[in-house]
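K.L.:
Please find the sequence and the predicted model below.
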Amino acid sequence: MFKKKRNRFVETLVEWALRLSGGTTTLVILLISIFLFTEGWGLFKSSTVEKGYVLCVNRSNKIKNLTPKQIKEIFDGNITSWKQVGGNDIPIEPLRMDDIASQYTEEEIGANFEHLPQKLSEAIASRPGALAFFSEQFININFQGRVLPAETITLKEYFGGKEWFPTATPAAQFGVLPLILGTLWVSIAAILIALPFGMAVAIYLAEIANSRIRKILKPLIELLAGIPSVVYGFFGLIVIVPLIRSIFHLPVGETALAGAIVLAIMALPTIITVAEDAMRTTPLAMKESSLALGATHWQTIYRVVIPYASSGILAAIVLGIGRAIGETMAVLMVTGNAAVMPHSLTEPVRTIPATIAAELGESAMGSVQYQALFMLGAILFVLTLGISIWAEIIRKEPKVQ
Amino acid sequence: MQHNKFTGKRANQALFFTLFRLMSYLVVGILFCIIGFIVIRGIGVINWEFLTTAPKDGMTKGGIFPAIVGTFYLVIGSMIVAFPIGVMSGIYMNEYATNKHIVRVIRVMTNNLGGIPSIVFGLFGMSLFVNKLHFGDSLLAGSFTLGLLALPLIIRVTEEALKAIPDTYRQGSLALGATKLTTIRKVILPAAFPNVMTGLILSIGRVSGETAPILFTAAAYFLPHLPTSVFDQVMALPYHLYVIATSGTDLEATRPMAYGTAIVLIAIVLIMNLLANVVRRRFSK
């Protein structure tokens, strides 16, 4: 009697443990989205001007604030007048701390920079067009300039910005457009390369090959999926990259095209498996009817099997793109990682995952760059999650009659 | 006329079928090219010393022993995390859950988790395990991150393995008076064992090659000694290959080491695939 009671207790306990395990994946997805967004969202609350540093102008300057992009353009010398950013028509004099300090002798500044705050203050007060960038510890009580308020990054600047310079001073630039476009370029090019091959292999395996050949080919293609992405990246680096450089006479072979080729090879197994599975679901009666009407096997394939499997084939393409978008190591190794707007396939590009992998190690925890990279992760998460769900919906669509 | 059309149709078919056959062989050819190229270039490096000593002289000499050990630890750690949860989750979905909607939600979530890029797991692992839970860059943090990555694969395989077991097994056991738990333990799990093992082996192959998740959670560029606790950083094969293939003062001198590491990685995947096939075939009789 007692034993029975204990057994029932154990049964309940196990059932609860199983139920909890069943919830793990859902919980992990929730946690991932919470963590990525909370870490990344700080980006829109923090200033792009380096921590502990300030931007100052002359008191007579009526400018209220500068966007990160304007700050960069000014210090790059592309914006030269305050008029261009909504101020008076006087030329801008960008001043870094070194510029000011170098105008005075060591004695004037003092051995421990004790006179530097005074000199900085004077330098700004004497130049109506000054825009000075220096450490905030050098601001003393009777500072004669005006400190510009720290501007935060807006969503528009983040998603519409065309420049990604996370460590630039005075103002870091976080425009993700080149990264998003780079990712899409490489992934879509990869699918365009992989699709004809993937379809050919899928048709061959599903319809043409006899079972003996199929039994050999299928595990080999599964093996292709199992090879680690670093190995593909390494292969791309030593074979495909030099090949592209010599074929197109380029200074560097690390290009979007190299990434696309490597990704195409990596996306093939996904495309083949999903498309083949879809083709295999074609009812035999349908194929037999087609053959009975006098159609050849090939006509049956492209008039009956492919239309019937079309939603599965579309799902294969979508899943292939999803796989390509998220691929990190191989792309990091062969695309050259230049964060510029992509113009052609034979130029270096940089994808979102490669940016995260390359920069996260160097960014301090909690810094603006760290937050910007987590935001990239969040974008990637949403993108791939959307693709998974989309593929799922496509697969479930009712088959054509 | 009729005759011409007929031959045209046939010729068309023959043309396309030949094309498809050639393209299929080309795809398999590419696979052999990749493996063959790396093996031919690197087989000379593989010897007992390479497999059992630490790197020397700035990664240009010596071996990859610490990386092999590190990957081994990471695989064990991640499987300790993922295997019980994955199998239990699969059992719950197939044997216990009565609500169809819940099963569907779990299945969709599992698929979605499987579609999330490995670098996102890396970010997540870094922020949760390394920073929030203060594991630091460690074997422990890496194992958890890789474990979560392997979870969907194990769940899917377990669920399929359980689905393949005929209901008569369950009914027979229950009719003899066994409880549900006893039925699962004594009848269902033994029958599903080979397929579940296949899943375990395949996920070991997958986990041992992953780089992005351990980039910021566990991997170290070089360590003078082997890890002694779960809070130590580890070297790992895929990360080691990445590092010596892309950075370093003398890329030419580290190339042979890179080929050797790539061979070991490919060998692990090959062996795991073969093993999975052997297990599947052996037990399915």
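P.N.:
Okay, I see it.
K.L.:
neighbours around the one residue in the stretch 301-401 of chain A that gets nearest to chain B, how many?
P.N.:
Residue of the stretch 301-401 of chain A nearest chain B, by CB to the nearest CB: A:Gly326 (2.6 Å). In this view, the C-beta of every residue, glycine as well, is placed from N, C-alpha and C. Neighbours of A:Gly326 under the rule other CB atoms under 10 Å in any protein chain shown: 25.
K.L.:
A:Asp76 too?
P.N.:
Count around A:Asp76 with other CB under 10 Å applied: 10.
K.L.:
I'd say B:Arg206 and B:Leu151 touch.
P.N.:
No: with contacts counted by CB atoms under 8 Å, B:Arg206 stays clear of B:Leu151, the gap being 11.3 Å.
K.L.:
Looking at those two, which one has more neighbours?
P.N.:
Neighbour totals were compared for B:Arg206 and B:Leu151, and B:Leu151 leads with 25 against 21 (other CB under 10 Å).
K.L.:
Tell me the confidence at that one?
P.N.:
Note on B:Leu151: pLDDT of 94.
K.L.:
quick check, A:Lys162 in a helix?
P.N.:
No: under DSSP: H, G, I helix; E, B strand; the rest coil, A:Lys162 sits outside any helix and is assigned coil.
K.L.:
who's in contact with the nearest residue to A:Ile63 once chain neighbours are set aside?
P.N.:
Of all residues not flanking A:Ile63 in the chain, A:Gly87 sits nearest, at 4.3 Å (CB to CB, 6 or more residues apart in numbering or on different chains). A:Gly87 makes contact with A:61-63 under the criterion CB atoms under 8 Å, 6 or more residues apart in numbering or on different chains.
K.L.:
which SS state does A:Gly87 fall under?
P.N.:
Quick answer, by three-state DSSP: A:Gly87 is coil.
K.L.:
closest to chain B among the contacts of A:Gly87?
P.N.:
A:Ile63 (37.8 Å).
K.L.:
Now do the closest one against A:Tyr302, distance only.
P.N.:
To A:Tyr302, A:Ile63 is 66 Å away according to CB to CB, to the nearest Å.
K.L.:
The two: who's more crowded?
P.N.:
Between A:Ile63 and A:Tyr302, counted using other CB under 10 Å, the more crowded position is A:Ile63 (17 against 12).
K.L.:
Can you read off the pLDDT for that one?
P.N.:
For A:Ile63, the model assigns a pLDDT of 78.
K.L.:
What of the one 3 residues further on?
P.N.:
According to the prediction, A:Leu66 has pLDDT 80.
K.L.:
Do I have it right that it meets A:Pro149?
P.N.:
No: look at A:Leu66 against A:Pro149 with CB under 8 Å: they stay out of range, at 9.6 Å.
K.L.:
The two: who's more crowded?
P.N.:
A:Leu66 (24 against 12).
K.L.:
got a list of what that one touches?
P.N.:
A:Leu66 neighbours (CB under 8 Å, 6+ apart): A:55, A:74, A:85, A:148, A:151.
K.L.:
Now do it against B:Gly36, distance only.
P.N.:
On the measure of CB to CB, A:Leu66 and B:Gly36 end up 58 Å apart.
K.L.:
quick one: low-confidence ranges for chain A?
P.N.:
Residues of chain A meeting the criterion pLDDT under 70: A:1-3, A:397-401.
K.L.:
Contacts only, for the residue nearest to B:Leu133 when sequence neighbours are not counted.
P.N.:
Among residues not flanking B:Leu133 along the chain, B:Ala141 sits closest, at 7.9 Å (CB to CB, 6+ apart). B:Ala141 is in contact with B:125-126, B:129-130, B:133, B:135, B:217-218, counting by CB under 8 Å, 6+ apart.
K.L.:
Could you check which helix or strand contains B:Ala141?
P.N.:
Following DSSP states H and E, one finds B:Ala141 within helix B:139-163.
K.L.:
quick one: B:Arg185 and chain A, what's the gap?
P.N.:
9 Å (CB to the nearest CB, to the nearest Å).
K.L.:
How many residues are close by that residue?
P.N.:
B:Arg185 has 13 nearby residues by other CB under 10 Å.
K.L.:
per-residue pLDDT, it?
P.N.:
89.
K.L.:
show me what contacts it?
P.N.:
Applying CB under 8 Å, 6+ apart, no residues contact B:Arg185.
K.L.:
So which residues of chain B form helices?
P.N.:
B:2-42, B:48-52, B:65-91, B:100-115, B:118-125, B:139-163, B:167-175, B:180-183, B:189-208, B:237-246, B:251-284 (DSSP state H).
K.L.:
ok, now which ones touch residue 163?
P.N.:
Reading this off chain A. Contacts of A:Glu163 by CB under 8 Å, 6+ apart are A:69, A:72, A:173, A:175, A:178, A:339.
K.L.:
Hmm, no, I was thinking of chain B.
P.N.:
Per CB under 8 Å, 6+ apart, neighbours of B:Lys163: B:Asn94.
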